[in-house]
Each structure stands twice: as C-alpha cells, then as structure tokens.
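Chemist: For reference, the sequence and a predicted model appear below.
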Amino acid sequence: MSGLIVKNIGMTSIFLEDGKRVPCTVVKADPCYVVQIKTIENDGYFSVQLGIDEKKMKKTNKPLFGHFKKAGLSPKKKLLEFKENSVSHFNLGSKISIDLFKEGELVSIKGISKGKGFQGVVKRHNFSGVGERTHGQHNRLRSPGSIGAGSDPSRVFKGKKMAGKMGKRNVTIKNLKILKIDTHQNLIILKGSVPGNKNSYLMINKKKWN
C-alpha cells in the first residue's frame, strides 16, 4: 500500500538531536480498511479505496450501506482512493496500519486548504494597494488599481489577478520528513506544516502526485 488516510491533530515543535527546534505537525493514523478494489478490467485503472472512522448507521444511505456490506465492513466516515500499480495482493475488508511508514522517510501530504472566503487583492495576491496613505486618502488604499487597457483590447484578459474566493482547494506538499512515529497512539510527527484545519482528513503517500 502506498498511503493512508490520516487526521490533522495540530502543530507543535520538537528539538532535534543537534539542539535545533523545528516546527512540526502531528497527524493521527488510525487503521484504515479496504472498502473497494478497482481493476483495469472493470474500471480502467488500478486503485484501492480506503475507509476510516466509524459512522452511525442512521447517517448512512442504502446505496452506501450496501457498498460497505459488500466489503464486510461497518459504515466509515471518510473514503479516499489511492492509485496503485497492482492490486492483486489486496483483499476487501483488510486492515492497513501505521506500520506502513518508518521514521526518517519522506512522504507527500494532500488535503483541502483552509477556506478564507472572499478576499481582496492585497490579501489574495499580495498587492501593495494604490493611493497615498496621507492627505485624507481612505477610500482606495487596498484597491487593485487599473485592470486593463482602454479601447484596445477593450476587455480584461483571462487570468487577471483580482479579488475572489481564497483557499479551500486541493493542496499537495511533497517531501515532508517523518520525524517520529508513535505506534501506541498511532501518531506521526511530520516536519513542517500541512494543508487544512484541525481534525481534517489528509492523504499521506509514499508516492509523489503530479
């Protein structure tokens, strides 16, 4: 298996052997279960769908309940799919644990970043704003300024950096180092930060996404 579903616990810092203090993120890697196996014959590609955390029966609809029943599992709260080169060694309902990873290994983390809502160009694109900061100017300090030419081309080009919704998108961070693994509490300590809020689900993978 190339990866697991983990939950973002939060950030902290630890001291390395050389005395350096580094920021790190703690993620909880509880056992995941194989819910579905996709093959080239049936789906056109190889992948394994994993599920994590128990879900109440009353909150699971009938089609999804049948999906879990086929794998011999109780309903799971989160489902994510991992592409694999081969699926011949996987079985429905089998458990994938934290033993998949080891300390010092480099991994990739994929998740949905924090949503910032509708933001202006200063926050969204690091614009400096326009206009003076003195002489009674208060209206256009954080304005984007001119956004296009006049009669030619008489339009704004696609991709122009402007105000809009910020965050809440798929983000992948590659080559994060595993500093420590606690197998008793199923915790993985990663050097640096990861996308998403606390208690959000992430994909931790030995492979690198495109």
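Modeler: Structure received. Since this is a predicted model, take the numbers as computed values, not measurements.

Chemist: What residues does the residue nearest to Gly120 when sequence neighbours are not counted make contact with?
Modeler: The shortest distance from Gly120 to any non-neighbouring residue, by Cβ to Cβ, 6 or more residues apart in numbering, is to Ala163 (4.7 Å). All C-beta atoms are positioned from the backbone trio N, CA, C, and that covers glycine. Residues counted as contacts of Ala163 (Cβ atoms under 8 Å, 6 or more residues apart in numbering) are 118-121, 124, 144.

Chemist: now this structure, which segments are flagged as low pLDDT?
Modeler: Residue ranges of the chain with pLDDT under 70: 137-138, 207-210.

Chemist: roughly how far apart are the residue nearest to Gly120 and Ile14?
Modeler: 39 Å (Cβ to Cβ, to the nearest Å).

Chemist: same deal with Arg21?
Modeler: From Arg21 across to Ile14, the span is 7 Å (Cβ to Cβ).

Chemist: of the two, who's got more company?
Modeler: Higher neighbour count among Arg21 and Ile14: Ile14, with 14 against 9, using other Cβ atoms under 10 Å.

Chemist: List the buried residues of the host helix or strand of the more buried one.
Modeler: Here Ile14 is covered by strand 3-15, with elements defined by DSSP states H and E. Within strand 3-15, the residues scored as buried using 16 or more other Cβ atoms under 10 Å are 3-8.

Chemist: Next, count neighbours for Ser74.
Modeler: Ser74: 15 neighbours (other Cβ under 10 Å).

Chemist: and what of the one 3 residues further on?
Modeler: When neighbours are defined as other Cβ under 10 Å, Lys77 has 14 of them.

Chemist: Which residues are in contact with it?
Modeler: 51-55.

Chemist: To which secondary structure element type does the residue of the chain most remote from its centre belong?
Modeler: Distance to the chain centre peaks in the chain at His135, reaching 46.2 Å (criterion: Cα atoms, centre = their mean). Taken by DSSP: H, G, I helix; E, B strand; the rest coil, the conformation at His135 corresponds to coil.

Chemist: Then Leu202?
Modeler: Following three-state DSSP, the label given to Leu202 is strand.

Chemist: Pull out the buried residues from stretch 164-184.
Modeler: Buried residues in stretch 164-184, counted by 16+ other Cβ under 10 Å: 166, 171, 173, 176, 178-179, 181.

Chemist: actually stretch 37-44, not the one I wrote
Modeler: Quick answer for stretch 37-44 (16+ other Cβ under 10 Å): 37-38.

Chemist: Taking the centroid of the chain, which residue is nearest it?
Modeler: Central residue of the chain (Cα atoms, centre = their mean): Gly111, at 0.7 Å.

Chemist: tell me the contacts of it?
Modeler: For Gly111, the contacting residues are 8, 170-171, 194-196, 200-203, by Cβ under 8 Å, 6+ apart.

Chemist: Among the residues you listed, which one sits closest to Gln36?
Modeler: Nearest to Gln36 among the contacts of Gly111 is Met203, at 15.9 Å by Cβ to Cβ.
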